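> For reference, the sequence and a predicted model appear below.
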4 protein chains.
Amino acid sequence: SRYEYVKQYEQDATLLPGCFIVVRVDGKGFTKFSELHGFEKPNDKRALDLMDRCACEVLREFSDVRMGYGVSDEYSFVLAPSTALYGRRTSKIVSVLTSFFTASYVRWWGEHMGADAPLRATPAFDGRAVCYPNAATLRDYLSWRQADCHINNQYNTPYWCLVKSGATPSEAQRTLAGSDAGFKNELLFSRFGINYNELPEQFRKGSVVVRARERFVAKVREDGTAVERERGRVAVLHADIIGDAFWTERPETLAP
Amino acid sequence: SRYEYVKQYEQDATLLPGCFIVVRVDGKGFTKFSELHGFEKPNDKRALDLMDRCACEVLREFSDVRMGYGVSDEYSFVLAPSTALYGRRTSKIVSVLTSFFTASYVRWWGEHMGADAPLRATPAFDGRAVCYPNAATLRDYLSWRQADCHINNQYNTPYWCLVKSGATPSEAQRTLAGSDAGFKNELLFSRFGINYNELPEQFRKGSVVVRARERFVAKVREDGTAVERERGRVAVLHADIIGDAFWTERPETLAP
Amino acid sequence: SRYEYVKQYEQDATLLPGCFIVVRVDGKGFTKFSELHGFEKPNDKRALDLMDRCACEVLREFSDVRMGYGVSDEYSFVLAPSTALYGRRTSKIVSVLTSFFTASYVRWWGEHMGADAPLRATPAFDGRAVCYPNAATLRDYLSWRQADCHINNQYNTPYWCLVKSGATPSEAQRTLAGSDAGFKNELLFSRFGINYNELPEQFRKGSVVVRARERFVAKVREDGTAVERERGRVAVLHADIIGDAFWTERPETLAP
Amino acid sequence: SRYEYVKQYEQDATLLPGCFIVVRVDGKGFTKFSELHGFEKPNDKRALDLMDRCACEVLREFSDVRMGYGVSDEYSFVLAPSTALYGRRTSKIVSVLTSFFTASYVRWWGEHMGADAPLRATPAFDGRAVCYPNAATLRDYLSWRQADCHINNQYNTPYWCLVKSGATPSEAQRTLAGSDAGFKNELLFSRFGINYNELPEQFRKGSVVVRARERFVAKVREDGTAVERERGRVAVLHADIIGDAFWTERPETLAP
Ligand SMILES: Nc1nc2c(ncn2[C@H]2C[C@H](O)[C@@H](COP(=O)(O)OP(=O)(O)OP(=O)(O)O)O2)c(=O)[nH]1
Ligand SMILES: Nc1nc2c(ncn2[C@H]2C[C@H](O)[C@@H](COP(=O)(O)OP(=O)(O)OP(=O)(O)O)O2)c(=O)[nH]1
Ligand SMILES: Nc1nc2c(ncn2[C@H]2C[C@H](O)[C@@H](COP(=O)(O)OP(=O)(O)OP(=O)(O)O)O2)c(=O)[nH]1
Ligand SMILES: Nc1nc2c(ncn2[C@H]2C[C@H](O)[C@@H](COP(=O)(O)OP(=O)(O)OP(=O)(O)O)O2)c(=O)[nH]1
Ligand SMILES: O=P(O)(O)OP(=O)(O)OP(=O)(O)O
Ligand SMILES: O=P(O)(O)OP(=O)(O)OP(=O)(O)O
Ligand SMILES: O=P(O)(O)OP(=O)(O)OP(=O)(O)O
Ligand SMILES: O=P(O)(O)OP(=O)(O)OP(=O)(O)O
Ligand SMILES: [Mg+2]
Ligand SMILES: [Mg+2]
Ligand SMILES: [Mg+2]
Ligand SMILES: [Mg+2]
Ligand SMILES: [Mg+2]
Ligand SMILES: [Mg+2]
Ligand SMILES: [Mg+2]
Ligand SMILES: [Mg+2]
Ligand SMILES: [Mg+2]
Ligand SMILES: [Mg+2]
Ligand SMILES: [Mg+2]
Ligand SMILES: [Mg+2]
């Protein structure tokens, strides 16, 4: 039609070839959303499990997504440097991944949050794509998110203990202001009987979603011996991803 | 932390100031998704109503969205040239609108599709933002979408009548190949008793979501007289947006 | 060859269709460059004429450039909204125009600066392209540059008079700090006998390069009567471009 | 001023951190320009020396440029992955380097082309910047250019011998069409007495501009012994850059 020329106004930005692509989604206004739905403070296991579930769905849907890392209301997904997904068009990749994550969040809400927490508002996520040119910067990116998880959790845990036990928000803040990890752990233990290191790893380390190689019995031969094969199964871990161990065990994650 | 430098790798593209921004979302793989859920062919009123509902939600949530136009598995949203939403950052705008639309789609699925059509797959939408520098090109954009709606519907209606009445897809295709509107309308009428122009406007024109100005009685004074105010209520129309009438009635939609 | 894949790493950004494109070039480190070549302060007519000459060359070389506006060490060129020059690729347009302007600057240096001012360093210009979606913003852009010209010149003229007559830079600065136009003009007149409004318009208004339509005698018929035609000749003006007069005389400059 | 808002329309694209940046400049319409100035065919030593000279000037002016590679009317410059030049703004980097190269070309034209070849037209170069995320892709980029140099030269040398000795362009083309290197070298030798491998390396390999580390006597001590220091001097080589040798000798060129 004579109107078709308007299609030319689309400016398809693409993501530089040869780079890892990270897509990070983050809950829109989840301070309010978590309040409205009575999320446990500072960590709601049901809500975090729901996030992890959505991430698993993403890995199952998009074979080019190598892994995910999640904390709080956010999840980061790592795409292979060689991915040709949507011709590496930025908007396509960002929008489809964010949309699929969001749809999963609403779809599986009931299953994870339980019957007594019906959805009272429409959740939304923002999304962005960032290129990292090599494995070192990609690992620094993921370390950044996990270090953030640790720092926030170390602060939020005693903070909410104090507030729940009667302190005002500003009192709790003053008690913790400028204190180091030792002080916070000590306070947690002496006043609330909580050993920080025994808190769930999901809270302290966040969640890592990977494709775990697993051997399985594909069929049994007539003579009764088993034929084994390998398959990639999506799995959630709460592992340290700052150190080297995680990566030396999974070299394929950082491959070109 | 020492990892924070990775934040600098984010390249925040923005949308040119002074231009209308159109965000178009489009169902990912809806050929298959509509099949899986038994959508009526070629138009499923429940599915279209669900799309319109989601668009209404978008207009209620984002005050900078001036209007929407939807057809098939897609919806276009028009943002004011002056909008400062998310600093006009492309990824933020595209991802949040697409995410919110998607969440609404899943959230309100049951209400529109009915109990006998449970969600069997996770729907997702792609999203993109396009700048149009002036009202004329914006109108051409919307005309492009509505002309597309018309052309597709004029073809799809007799096509599915033929197929439903026993023709094979390739027979139906051959019958219609190269024919003009007159021929298709005649065929529809003579063979299926359908008057094309009496089909629902939602199918023939698509859906327009607008903020309708309505006067309402804000309060009643002591002397019994009414204090009237104006408010914008989101409404769905199935109007022609190619001609001038729609626009002359709503000059604010094209304002700077 | 097996190396050709590297070509895919080129990310060709383009300039939004339908917008005016402004390419602005600006001398790199001209504070030092003008010093090194003994430019008259604050305005060196030879140097400004050289800039104007280069701009004329640009208009002669690139037919899609509608006009130019220059002040100090910078020049802005306006390209038609409809231009398809280099497919509107940003880097191509910016680099070729900047390069051509620079080459002209060196090529015609001697002709304008005279034999006693040989080139002692390699001049360079930065370049950028900016899109303006309509005539109003384009005019505001040009008004911005001309207003800047005026403000700077009104300050620089008395400043250099003071310094040349023995004041230290900081004394001159203090004398002028925070003063209004009236004060500066008064000072210029009373102390240096200079009537600001009689200074060359090139200094006060900058330079506008346009395609002037001129009628000329194309041939003379046998009967002695003349056949007149119109042609566009590039001309330099020192006109006000903030007011409407300039534009109402040249409507084609702002055409789509 | 009230016009300053227009500055916000500048959209400063930047080049991804952590990547090598290649800026390639290429002569605009040099088919015609070389003809107009009577360049020797297919290789004009004066013109190539002028290009090399300009590249040397670029390396001397911009300390972040690690090396250059030139062939025909083009030159590629490699910037360090860590460069913060102009905040890695694309247009600034492309325009300033292209402009400086161009200015050098005009400035040093006379010195290299000789008195009998005055400049008859204004030369211009296009420029672009491309990011390469690692040393391997950067080397592939440079190999691409040098392989191109070789292929073109192997064809152009016999082609112009044939044409100069009386063949029409289409005859020469037919003679060479589809032939391999052996055939072309044999033809060169048997018909024109030229041993391809003895042609100047500048023609066969192109030019590499590097910062050569050289030791020099910084001062002589009272006791007569010398104090040696190292400095980087810009040097032109005509070396192979496809193989490893060049790079193992200069590891700093590929450093992060
Ligand atoms: N109670 C509770 N709150 C959580 C949990 N996970 C996340 N949140 C809340 C805490 C924070 O207020 C918020 C995440 O912070 P953000 O920086 O993403 O801010 P927010 O989402 O409010 O705004 P945004 O739209 O992302 O700018 O979500 C949880 O498990 N329990
Ligand atoms: N039966 C039925 N199908 C519909 C209806 N609305 C949309 N669809 C189907 C028809 C098309 O096959 C499809 C929309 O075409 P698209 O070009 O968007 O293709 P699709 O979504 O399959 O792929 P995509 O991921 O967008 O590239 O959705 C409806 O109301 N009823
Ligand atoms: N004496 C003299 N100086 C001039 C004339 N035209 C321009 N200049 C000088 C005055 C300013 O110091 C300089 C232009 O200011 P800019 O803001 O462009 O700074 P500059 O070029 O030094 O640095 P840049 O590389 O553009 O960031 O050029 C002139 O006609 N006479
Ligand atoms: N005779 C002669 N010609 C040369 C020499 N170096 C380059 N050239 C010419 C040969 C080619 O026609 C032209 C370079 O090819 P390009 O693909 O860059 O084309 P051209 O510059 O004409 O167009 P462009 O503006 O780059 O698209 O320059 C030389 O040393 N001698
Ligand atoms: O943590 P981020 O990247 O989301 O940082 P922010 O401060 O939330 O900023 P924005 O979401 O606006 O990029
Ligand atoms: O109608 P569109 O714009 O979605 O066109 P398309 O052919 O689907 O292409 P794409 O979605 O890949 O831009
Ligand atoms: O006047 P401009 O736009 O050149 O502004 P600037 O302050 O020189 O900044 P830059 O040249 O770095 O854009
Ligand atoms: O060799 P290049 O990259 O200059 O390739 P081209 O075919 O000249 O194309 P363009 O200069 O338009 O990018
Ligand atoms: Mg954020
Ligand atoms: Mg959030
Ligand atoms: Mg968050
Ligand atoms: Mg599509
Ligand atoms: Mg679709
Ligand atoms: Mg569609
Ligand atoms: Mg500047
Ligand atoms: Mg300057
Ligand atoms: Mg300047
Ligand atoms: Mg080219
Ligand atoms: Mg060329
Ligand atoms: Mg070339």
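Noted; the coordinates are in hand. Ligands and ions are numbered 1, 2, ... in the order given.
> Helices of the stretch 101-250 of chain A, residue ranges please.
Assigned by DSSP state H, counting those that start in this stretch, the helices in the stretch 101-250 of chain A fall at A:109-113, A:135-164, A:169-176, A:181-192, A:201-205, A:245-249.
> helices or strands up against the last one?
This points to helix A:245-249. Here helix A:245-249 touches no other helix or strand, going by 3 or more CB pairs under 8 Å, 6 or more residues apart in numbering or on different chains; DSSP states H and E. All C-beta spots, glycine's among them, are computed from the backbone N, C-alpha and C.
> Identify the residues contacting it?
Judged by CB atoms under 8 Å, 6 or more residues apart in numbering or on different chains, the contacts made with helix A:245-249 from elsewhere in the structure are A:Arg139, A:Val208, A:Ala239, A:Asp240, A:Ile241, A:Thr253, A:Leu254.
> In it, which residues have enough neighbours to count as buried?
Neighbour-count burial for helix A:245-249 flags A:Phe246 (criterion: 16 or more other CB atoms under 10 Å in any protein chain shown).
> Alpha carbons of it, as PDB, please.
Coordinates of the C-alpha atoms in helix A:245-249 are reproduced here as PDB (Å, rounded to 0.1, in the frame of the first residue of the first chain):
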ATOM      1  CA  ALA A 245      35.300 -23.500  40.700                       C
ATOM      2  CA  PHE A 246      31.900 -23.000  39.200                       C
ATOM      3  CA  TRP A 247      33.400 -22.000  35.900                       C
ATOM      4  CA  THR A 248      36.100 -24.700  35.600                       C
ATOM      5  CA  GLU A 249      33.400 -27.200  36.100                       C
END
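> how much distance is there from that helix to the middle of the chain?
The chain centroid and the centroid of helix A:245-249 are separated by 19 Å under CA atoms, centre = their mean, to the nearest Å.
> For ligand 16, what's the nearest residue on the stretch 151-256 of chain A?
Of all residues in the stretch 151-256 of chain A, the one sitting closest to ligand 16 is A:Pro256 (42.9 Å; CB to the ion).
> what about that residue, neighbour count?
For A:Pro256, the tally of surrounding residues (other CB atoms under 10 Å in any protein chain shown) stands at 12.
> Can you tell me the element it falls in?
Secondary-structure assignment from DSSP states H and E places A:Pro256 in no helical or strand segment.
> Surely it touches A:Pro133?
No. With contact defined as CB atoms under 8 Å, A:Pro256 and A:Pro133 do not form a contacting pair (11.3 Å).
> Which neighbours do the two have in common?
A:Gly18.
> circling back to that earlier point, the closest residue in space to the residue of the stretch 151-256 of chain A closest to ligand 16 that isn't next to it in sequence and ligand 1: what is the separation?
Beyond its immediate neighbours in the sequence, the residue positioned closest to A:Pro256 (CB to CB, 6 or more residues apart in numbering or on different chains) is A:Pro81, lying 5.4 Å away. When distance is defined by CB to the nearest ligand atom, to the nearest Å, A:Pro81 is 28 Å away from ligand 1.
> Distance of A:Pro81 relative to A:Ile21?
Distance check for A:Pro81 against A:Ile21: by CB to CB, to the nearest Å, it reads 8 Å.
> between the two, who's got more neighbours?
A:Ile21 (26 against 23).
> re the thing from before, A:Ala135 versus the residue of the stretch 151-256 of chain A closest to ligand 16, what's the distance?
Taking CB to CB as the criterion, A:Pro256 is separated from A:Ala135 by 9 Å.
> and what of A:Phe246?
Looking at A:Phe246 against A:Ala135, where the rule is CB to CB, the gap reads 13 Å.
> and the gap between A:Ala103 and ligand 3?
Distance of A:Ala103 to ligand 3, given as CB to the nearest ligand atom: 50 Å.
> And that residue, what's its pLDDT?
The pLDDT attached to A:Ala103 in the predicted structure is 99.
> got the phi/psi numbers for the closest residue to A:Gly87 other than its chain neighbours?
In this structure, A:Gly87 finds its nearest non-sequential neighbour in A:Thr14, 6.6 Å apart by CB to CB, 6+ apart. When read as degrees, to the nearest 10, the backbone of A:Thr14 gives phi -120, psi 160.
> What's the separation between the nearest residue to A:Phe30 once chain neighbours are set aside and chain B?
Take A:Phe30 and drop its neighbours on the chain: the residue closest to it by CB to CB, 6+ apart is A:Asp73, 3.9 Å away. The spacing between A:Asp73 and chain B, counted by CB to the nearest CB, to the nearest Å, is 12 Å.
> Which part of the stretch 151-256 of chain A gets nearest to ligand 20, residue-wise?
A:Pro256 (30.9 Å).
> now swap in chain A and tell me
Across chain A, the shortest distance to ligand 20 (CB to the ion) belongs to A:Pro17, at 23.3 Å.
> pLDDT value on the one residue in the stretch 101-250 of chain A that gets nearest to chain D, please?
Closest approach of the stretch 101-250 of chain A to chain D (CB to the nearest CB) occurs at A:Pro133, with a separation of 3.5 Å. A:Pro133 is assigned 98 on the pLDDT scale.
> residues touching it, list them.
Applying CB under 8 Å, 6+ apart to A:Pro133 gives the contacts A:Leu16, A:Gly18, A:Cys19, A:Phe20, D:Leu16, D:Gly18, D:Cys19, D:Pro81, D:Cys131, D:Pro133, D:Asn134.
> Please verify my assumption that the residue of chain A closest to ligand 20 contacts A:Arg88.
Yes. A contact is recorded between A:Pro17 and A:Arg88 when judged using CB under 8 Å, the distance being 6.7 Å.
> Burial check on the residue lying closest to A:Gln8 once chain neighbours are set aside, number of neighbours?
Spatial nearest neighbour of A:Gln8, chain neighbours left out: C:Pro17 (5.7 Å); criterion: CB to CB, 6+ apart. Applying other CB under 10 Å, we find 21 residues neighbouring C:Pro17.
> JSON lines for the helices of the stretch 101-250 of chain A, including distance to ligand 20?
Supplementary listing: the helices of the stretch 101-250 of chain A in JSON lines, determined by distance: least, CB to the ion, whole Å:
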{"stretch": "helix A:109-113", "distance to ligand 20": "59"}
{"stretch": "helix A:135-164", "distance to ligand 20": "34"}
{"stretch": "helix A:169-176", "distance to ligand 20": "64"}
{"stretch": "helix A:181-192", "distance to ligand 20": "60"}
{"stretch": "helix A:201-205", "distance to ligand 20": "54"}
{"stretch": "helix A:245-249", "distance to ligand 20": "44"}
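> Buried residues in stretch A:121-132, which are they?
When burial is assessed from 16+ other CB under 10 Å, stretch A:121-132 yields the following buried residues: A:Thr122, A:Pro123, A:Ala124, A:Phe125, A:Asp126, A:Gly127, A:Arg128, A:Ala129, A:Val130, A:Cys131, A:Tyr132.
> Next, the contact list for the fourth one, please.
If a contact means CB under 8 Å, 6+ apart, then A:Phe125 has A:Val25, A:Asp26, A:Gly27, A:Lys28, A:Thr98, A:Phe101, A:Thr102, A:Tyr105, B:Ser95, B:Val96, B:Ser99 as its contacts.
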